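Undergrad: need coordinates for the following:
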Amino acid sequence: GRPLHLEGRTMFPGGERWLDTWLVPLSGRDGSADRVLGISRDLTKRKRAEEALEENARRIRALEGNIPRAMIYQIVRAPDGVRRFTYVGEGAQTLYGCSPEEALADASLIYGRVHEEDRERLIAEEEAAHAAGGILSAEVRMRNPDGGIRWSLFRSQPRRLEDGSTCWDGVEVDITERKRAEQDVVELRRQLDLILAATRINIDIIDSEFNLRYVDPEWQKTYGDPRGRKCHEYFMGQKGMCEGCRIPEALGTKLVAVAEHDLPREGGRVIQVTTLPFQDARGEWLVAEVNVDITDRKRAEEALKESEVKYRTIFEQANDAIFLMDGHKFVDCNDRTLAVYGFSREQIIGQTPYRFSPPTQPDGRSSMDLAAEKIAAALAGSPQSFEWKHLRADGMPFDAEVSLSRVELGGREYIQAIVRRSEERRVGKECT
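TA: The predicted structure follows:
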């Protein structure tokens with residue numbers, strides 16, 4: 001897991017050359033090294049001119065040019081423990097908002113950016129590496145120039161100088177995205193634990209060819225031994241991929257995908273399938289499916305739809321004028337409303353109740369104030385029933401009994417206003 005540096009002469013058709021090669025392990029999302037970045041540079045001309053100095057400069061430039069959001073640095077630690085930068089790469093501008101020259105002149109521009117909670121740990125790890133003469137590898141939080149926090153990986157190799165000082169040739173790499181990915185995995189595991197604890201679920205693992213790699217024991221009681229079987233055949237009895245299957249999408253994007261499926265062999269039980277892509281220890285991409293029973297929720301949704309259909313039927317067939325209000329404005333009305341008021345639907349929707357009332361009611365109170373009072377009471381859960389004077393489109397006034405009540409439709413609360421003209425109410429009483 002450590003960088004490997006190779007330097008030496010190599011024979012080529014055109015003659016001998018000096019090569020400087022670095023092999024740097026690269027980590028995947030799970031933090032394990034799964035790839036190697038190899039960088040080689042020809043140092044022949046500089047080696048001939050000033051071998052030792054030019055070798056170091058070539059190595060620094062090679063590394064700095066091939067690692068994004070990184071900064072090459074060199075620190076010399078004197079025998080008395082005093083540290084000073086002897087080289088700071090161009091990455092200082094990106095990571096610290098200062099030029100290499102500014103960082104060389106004022107080391108606090110870099111040291112001062114270490115998060116206060118990580119400083120002691122970084123110093124302790126550096127001391128341990130110095131004492132052992134080994135590589136320093138530390139992940140710490142740093143403060144960006146804008147005040148934000150990033151994660152940085154510091155890796156440096158110590159070497160002793162003739163005067164007893166220690167020279168650290170190092171690189172700082174911004175690993176914030178990797179840390180976020182790790183935190184995403186932790187959060188997914190946390191959420192999965194909550195689901196497992198609180199919900200009836202089933203779990204399976206499937207590869208890119210739809211082969212079942214794992215089915216939880218509870219599901220095996222229903223579907224049998226999953227070995228050597230495809231998921232679509234095992235669960236659905238189908239020869240090919242199921243309609244709405246999100247496995248190819250999850251494997252292609254490396255993102256979580258969600259779908260819903262009915263299970264015919266379980267009486268049509270409805271499950272929500274959360275498909276989570278992941279790599280196993282061998283690097284193969286698989287998906288874990290977390291299957292949550294949502295049958296009760298779907299039944300509740302269907303019942304709500306049926307209830308709303310029934311409401312709409314009554315709404316349209318009623319012999320009274322019926323409005324729906326969102327706050328103080330009409331958002332819907334039935335056909336009877338149009339006949340009672342003489343306005344078109346377009347003229348009513350978006351208007352307030354006092355738009356179709358005289359300025360004042362018979363008791364002398366403002367129609368606007370009184371309507372606001374009644375609506376507020378209904379919204380608070382207190383049904384209202386009162387007499388009200390209205391105005392038709394032709395300007396003719398009429399009296400009516402108004403009932404206001406709070407109703408819930410589609411998950412939202414509205415005010416339902418039922419308006420019955422007073423003469424119609426009298427006729428109804430006489431008929432009885």
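Undergrad: C-alpha only now, for contacts and for neighbours.
TA: Fine.
Undergrad: show me where the stretch 1-150 of the chain has strands.
TA: Taking DSSP state E, counting those that start in this stretch as the criterion, the stretch 1-150 of the chain carries its strands at 4-12, 15-27, 33-42, 70-77, 83-88, 136-143, 149-160.
Undergrad: point out the most buried one among those.
TA: strand 70-77 (a mean of 22; mean count of other Cα atoms under 10 Å).
Undergrad: who's in contact with that strand?
TA: When contacts are defined by Cα atoms under 8 Å, 6 or more residues apart in numbering, strand 70-77 is touched by residues 60, 63-64, 83-92, 95, 165-174.
Undergrad: still on that earlier bit, now the strands of the stretch 1-150 of the chain in CSV, with mean pLDDT?
TA: Shown next, in CSV, are the strands of the stretch 1-150 of the chain (pLDDT from 0 to 100):
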stretch, mean pLDDT
strand 4-12, 79
strand 15-27, 78
strand 33-42, 75
strand 70-77, 89
strand 83-88, 89
strand 136-143, 94
strand 149-160, 92
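Undergrad: can you report how many residues lie near residue 333?
TA: Other residues lying near residue 333 total 21 when counted by other Cα atoms under 10 Å.
Undergrad: dump the strands of the stretch 1-150 of the chain to a markdown table, plus distance to residue 296.
TA: Shown next, in a markdown table, are the strands of the stretch 1-150 of the chain (distance: least, Cα to Cα, whole Å):
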| stretch | distance to residue 296 |
| --- | --- |
| strand 4-12 | 59 |
| strand 15-27 | 44 |
| strand 33-42 | 45 |
| strand 70-77 | 53 |
| strand 83-88 | 63 |
| strand 136-143 | 46 |
| strand 149-160 | 44 |
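Undergrad: which of those sits closest to residue 235?
TA: Minimum separation from residue 235 across the strands of the stretch 1-150 of the chain (Cα to Cα) falls at strand 33-42, 34.9 Å.
Undergrad: now residue 244. Nearest residue, chain neighbours left out?
TA: Nearest residue to residue 244, sequence neighbours excluded (Cα to Cα, 6 or more residues apart in numbering): residue 259, at 7.0 Å.
Undergrad: can you flag the buried ones in the contacts of strand 70-77?
TA: 60, 63-64, 84-85, 87-92, 95, 165-174 (16 or more other Cα atoms under 10 Å).
Undergrad: what are the bridge partners for residue 167, then?
TA: With DSSP bridges as the criterion, residue 167 is bridged to residue 76, residue 159.
Undergrad: thought residue 331 was touching residue 324?
TA: Yes: between residue 331 and residue 324 a contact is recorded at 5.7 Å, counting by Cα atoms under 8 Å.
Undergrad: between the two, who's got more neighbours?
TA: Comparing residue 331 with residue 324 by other Cα under 10 Å, the one with more neighbours is residue 324, at 23 against 18.
Undergrad: name the strands paired with the helix or strand where that one lies and say parallel or antiparallel.
TA: Residue 324 belongs to strand 321-326 when assigned by DSSP states H and E. Strand 321-326 has the following strand partners under DSSP bridges: strand 329-333 (antiparallel), strand 412-421 (antiparallel).
Undergrad: of all these, which one is nearest residue 253?
TA: Nearest to residue 253 among these is strand 412-421 (35.6 Å), distances taken as Cα to Cα.
Undergrad: and the closest one, what's buried?
TA: By 16+ other Cα under 10 Å, the buried positions in strand 412-421 come out as 414, 415, 416, 417, 418, 419, 420, 421.
Undergrad: which stretches of this protein have low pLDDT?
TA: Counting by pLDDT under 70, the low-confidence segments of the chain come to 1, 31, 33, 46-65, 189, 192-199, 410, 423-432.
Undergrad: hang on, residue 100 packs against residue 88?
TA: Yes: taking Cα under 8 Å as the definition, residue 100 is a contact partner of residue 88 at 5.2 Å.
Undergrad: got the phi/psi numbers for the residue nearest to the spatial centre of the chain?
TA: Closest residue to the average C-alpha location of the chain: residue 184 at 8.8 Å, with Cα atoms, centre = their mean. Main-chain torsions, residue 184, degrees, to the nearest 10: phi -60, psi -40.
Undergrad: so what's it up against?
TA: Counted by Cα under 8 Å, 6+ apart, residue 184 has zero contacts.
Undergrad: just to revisit the earlier point, pull the most distant pair out of the buried residues of strand 412-421.
TA: 414 and 421 (22.5 Å).
Undergrad: how much space separates residue 249 from residue 276?
TA: Residue 249 sits 10 Å away from residue 276, going by Cα to Cα, to the nearest Å.
Undergrad: what about those two, which has more around it?
TA: Ranked by neighbour count (other Cα under 10 Å), residue 249 and residue 276 place residue 276 first, with 21 against 14.
Undergrad: in the chain, which spans are helices?
TA: Using DSSP state H, the helices of the chain run over 44-66, 91-96, 100-105, 108-111, 119-132, 176-198, 217-223, 231-236, 247-253, 295-317, 335-341, 345-348, 367-379, 422-431.
Undergrad: can you pull the contacts of the nearest residue to residue 345 once chain neighbours are set aside?
TA: In this structure, residue 345 finds its nearest non-sequential neighbour in residue 338, 6.6 Å apart by Cα to Cα, 6+ apart. Applying Cα under 8 Å, 6+ apart, one finds that residue 338 lies in contact with 321, 344, 345.
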